[in-house]
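Peer 1: Below is the sequence, then the predicted model.
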Amino acid sequence: MKRYNNFGLKGMFLAGLLGMSCSCTDFLTRDNETGTTDENFWHTQQECENALGSCKLWIKGAWGGDEIGMVFQDGATDNAYFSGNFDVRIQQLGNGSLLPPSDSNAPGQWEYQFNTWNHCYIRIRRCNRFLENVDRAFFTVESERARMKAEAKVWRAWLHIRLLKWYGRNDGIPYVESVLEPSEIYLSRTPVEECLANINRELDEVIESGALPFIWDDENMRADRMSLATAYTLKMDVNLQFKHYEEAMKAAKALIDSGKFELYYSPSGDDEPGKNYRDLFTYTGKQNKERILWKSGGSDNLFFRCMSSQFSGQGVMNILKSLVDEYELADGRTLADLPAAEREKLEKDPVSEKRDPRFHMSIFTPGENTGFADRIFDPFNPDDGSYIGRTEGIQSGYMMKKFMTSNDFGNSGQGNLDFVIYRYAEVLLDYVECLVETGKWNDPDVEKYINMIRRRAGMPDMDKSVYNSEEKVRELYRRERRVEFAFESKRYDDIRRWDIGNEVMRGPIYGAWNPTSKAFIKIEERNCTFPKFNSWPLSQNEVTSNPNISQPVGW
């Protein structure tokens with residue numbers, strides 16, 4: 001009989017029963033003469049609901065808990081430079097100086113980003129325990145048992161997806177679908193294609209089961225429960241990441257054809273061209289039909305983390321010139337389209353001409369009135385809290401505007417703004433990518449969906465006289481994706497899927513034009529080499545204790 005440490009209360013018992021770490025020794029079953037057994041726990045529907053709750057590991061936008069601050073992950077891309085004193089290895093991941101964590105180089109108490117391996121496998125084990133025991137309980141509503149089992153499978157698939165993208169993009173990861181016994185603890189990596197087959201099978205089982213609604217009608221349930229829409233979205237994402245375009249396209253098409261989602265348009269009465277995009281990331285647009293999966297309150301401390309000390313913030317997100325230059329002019333021209341003198345002028349003063357409204361809604365530029373107590377963003381003034389020379393100033397001269405709201409400014413930089421993990425705009429652009437990458441670049445849906453995104457943003461339709469080949473349409477699509485999803489943690493995966501890491505993650509990175517030094521701010525030299533930086537390194541202890549696993553390729 002398996003026994004576990006008895007904490008007295010069954011709710012507390014779950015933490016011990018289901019919370020074992022993935023590191024090899026923690027797969028062991030622990031016996032205790034006074035422990036609580038499986039036989040006297042899995043009795044009621046409510047106990048199973050509680051157990052399902054312990055399977056969940058929500059990623060979020062801001063910092064906190066076991067969850068990853070996904071907004072900050074853009075600091076490991078060519079969009080931004082991360083300068084926080086928490087999750088500091090994001091900076092090392094961005095510049096190529098990262099080392100595998102070890103006893104002398106262990107992640108600190110604030111470095112949740114690099115405890116993800118353990119946190120995900122803890123929850124995978126909980127999912128497995130749940131699925132192995134849920135049929136033993138008495139349910140007053142039998143359909144609830146089927147619903148919980150389906151949700152646990154979606155969670156298990158999503159946890160494996162995260163691990164595969166972050167630790168096994170080239171090598172695979174251990175794929176675990178049962179509670180391991182002591183003789184099974186030394187797992188090897190499951191090859192990537194086998195992992196994908198398992199994930200697709202798991203999600204297909206959920207989709208075909210009929211146990212989940214396409215979406216939940218109740219907003220609170222939608223925020224906490226998995227659905228068919230979630231299963232399709234995860235299937236779309238993982239297959240896109242590994243270039244299984246036909247599978248990704250089918251999943252995206254199911255979401256489009258459902259008619260359940262739509263792009264958000266703001267009810268605000270002002271004439272700002274970018275108001276639809278602006279309000280999508282504020283409290284005004286908190287409830288909308290574009291959201292597919294989100295973390296409630298997941299952007300709670302973004303204002304405090306991202307704004308400079310002028311606003312009592314930490315200034316951790318420093319936006320790079322590389323991203324600023326990516327935004328088109330308001331008429332659809334790119335900087336590359338301009339004569340040299342005009343381009344140089346715009347590089348030095350990005351708002352000397354009107355730009356894509358998403359630029360104006362996403363990035364503060366030097367001299368701009370922030371709208372927060374009429375304070376001016378002045379990163380080149382030594383007496384200003386945003387000064388580039390201050391620890392909590394803005395080192396690049398460009399500050400993040402997206403997600404920043406007066407509500408949170410008036411609440412000491414704290415709030416309860418949700419973080420949207422997947423939204424309908426991503427479905428449309430994923431579908432476009434699948435069409436382009438399968439040779440269907442001139443399919444009418446490519447133009448249709450790109451234009452839907454651009455029109456919502458306040459931009460003109462794609463110019464078919466310019467974007468008239470597969471190469472040019474791919475160029476437009478990739479630019480749209482980058483500016484549409486800036487700071488939403490999509491760029492990190494895009495760089496790896498498109499195999500552009502050696503192009504965009506090596507060499508010097510720059511910020512704004514400094515009128516004092518008459519030069520663009522040089523922040524650092526980066527030296528990320530790929531395919532090494534396609535994956536994160538494992539803890540060295542994990543590799544040392546398990547003879548069947550090794551670091552990802554290059555590490």
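Peer 2: Here it is on my side, so go on. Note that the coordinates shown come from a computational prediction; the quantities given were computed from them, not determined experimentally.
Peer 1: Which positions in the helix or strand hosting residue 256 come out as buried?
Peer 2: In this structure, residue 256 sits in helix 245-258 according to DSSP states H and E. Buried residues in helix 245-258, counted by 16 or more other Cβ atoms under 10 Å: 245, 247-249, 251-256. Any C-beta I mention is one placed from the backbone N, CA and C, and that applies to glycine too.
Peer 1: helix or strand right after it?
Peer 2: The C-terminal neighbour of helix 245-258 among helices and strands, as given by DSSP H and E, is helix 275-280.
Peer 1: Who's the closest spatial neighbour of the residue positioned nearest the centre of the chain, skipping the chain neighbours?
Peer 2: For the chain, the residue sitting closest to the mean C-alpha position, by Cα atoms, centre = their mean, is residue 489 at 4.0 Å. Excluding the flanking residues, the one nearest residue 489 by Cβ to Cβ, 6 or more residues apart in numbering is residue 70, at 3.7 Å.
Peer 1: which ones are touching that neighbour?
Peer 2: Applying Cβ atoms under 8 Å, 6 or more residues apart in numbering to residue 70 gives the contacts 59-61, 419, 421, 488-489.
Peer 1: for residue 240, same thing?
Peer 2: Counting by Cβ under 8 Å, 6+ apart, residue 240 touches 248, 430, 433-434, 497.
Peer 1: Including secondary structure, pLDDT and distance to residue 176, could those residues go into JSON lines?
Peer 2: Formatted as JSON lines, the contacts of residue 240 follow (DSSP: H, G, I helix; E, B strand; the rest coil; pLDDT from 0 to 100; distance: Cβ to Cβ, whole Å):
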{"residue": "248", "secondary structure": "helix", "pLDDT": "98", "distance to residue 176": "24"}
{"residue": "430", "secondary structure": "helix", "pLDDT": "98", "distance to residue 176": "28"}
{"residue": "433", "secondary structure": "helix", "pLDDT": "98", "distance to residue 176": "30"}
{"residue": "434", "secondary structure": "helix", "pLDDT": "98", "distance to residue 176": "30"}
{"residue": "497", "secondary structure": "helix", "pLDDT": "98", "distance to residue 176": "25"}
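Peer 1: Where neighbours are concerned, which of those has the most?
Peer 2: Most neighbours among the contacts of residue 240, by other Cβ atoms under 10 Å: residue 434, with 26 neighbours.
Peer 1: Please name the residues that touch the nearest residue to that residue once chain neighbours are set aside.
Peer 2: In this structure, residue 434 finds its nearest non-sequential neighbour in residue 249, 3.9 Å apart by Cβ to Cβ, 6+ apart. The neighbourhood of residue 249, defined by Cβ under 8 Å, 6+ apart, consists of 431, 434-435, 438.
Peer 1: Tell me the most packed of the residues you listed, by neighbour count.
Peer 2: Counting neighbours by other Cβ under 10 Å, residue 434 leads these with 26 neighbours.
Peer 1: Okay, buried residues for stretch 513-532 please.
Peer 2: Residues of stretch 513-532 classed as buried by neighbour count (16+ other Cβ under 10 Å): 513-514, 520-521, 523, 526, 528, 530-532.
Peer 1: same thing with stretch 288-296?
Peer 2: Buried residues in stretch 288-296 (16+ other Cβ under 10 Å): 288, 290-296.
Peer 1: In contact with residue 48: list those residues for me.
Peer 2: Shown in contact with residue 48 (Cβ under 8 Å, 6+ apart): 42, 130, 134, 137, 139, 145, 148.
Peer 1: looking at this, it is in a helix?
Peer 2: Yes: assessed with DSSP: H, G, I helix; E, B strand; the rest coil, residue 48 lies in a helix.
Peer 1: Next, work out how far apart residue 230 and residue 483 are.
Peer 2: Distance of residue 230 to residue 483, computed by Cβ to Cβ, to the nearest Å: 26 Å.
Peer 1: of these two, who's got more company?
Peer 2: Using other Cβ under 10 Å as the criterion, residue 230 and residue 483 rank with residue 230 on top: 26 against 21.
Peer 1: doesn't residue 157 make contact with the more buried one?
Peer 2: No: look at residue 230 against residue 157 with Cβ atoms under 8 Å: they stay out of range, at 9.8 Å.
Peer 1: three-state assignment of residue 84?
Peer 2: At residue 84 the chain is in coil, as set by three-state DSSP.
Peer 1: Pretty sure it sits against residue 313.
Peer 2: No: in this structure residue 84 lies outside contact range of residue 313 using Cβ under 8 Å: 10.8 Å.
Peer 1: Comparing these two, which residue is more hemmed in?
Peer 2: Taking neighbours as other Cβ under 10 Å, residue 84 and residue 313 compare with residue 313 leading, 25 against 20.
Peer 1: counting residues per helix, which one in the protein is longest?
Peer 2: Counting by DSSP state H, the longest helix found in the chain is helix 142-167.
Peer 1: Buried residues, it. List them.
Peer 2: 145-167.
Peer 1: Please save the CA atoms from the next helix or strand after it in CSV.
Peer 2: Per DSSP H and E, the first helix or strand lying C-terminal to helix 142-167 is helix 192-209. Output in CSV follows, covering the C-alpha atoms of helix 192-209 (Å, rounded to 0.1, in the frame of the first residue of the first chain):
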residue,chain,number,x,y,z
VAL,A,192,10.9,15.5,-30.8
GLU,A,193,8.6,13.8,-33.3
GLU,A,194,7.5,11.3,-30.8
CYS,A,195,6.7,14.1,-28.3
LEU,A,196,4.7,15.8,-31.0
ALA,A,197,2.8,12.6,-31.8
ASN,A,198,1.9,12.2,-28.1
ILE,A,199,0.8,15.8,-27.7
ASN,A,200,-1.4,15.6,-30.8
ARG,A,201,-2.9,12.3,-29.7
GLU,A,202,-3.7,13.7,-26.3
LEU,A,203,-5.3,16.8,-27.6
ASP,A,204,-7.2,14.8,-30.3
GLU,A,205,-8.6,12.5,-27.6
VAL,A,206,-9.9,15.6,-25.7
ILE,A,207,-11.4,17.1,-28.9
GLU,A,208,-13.1,13.9,-29.9
SER,A,209,-14.4,13.1,-26.4
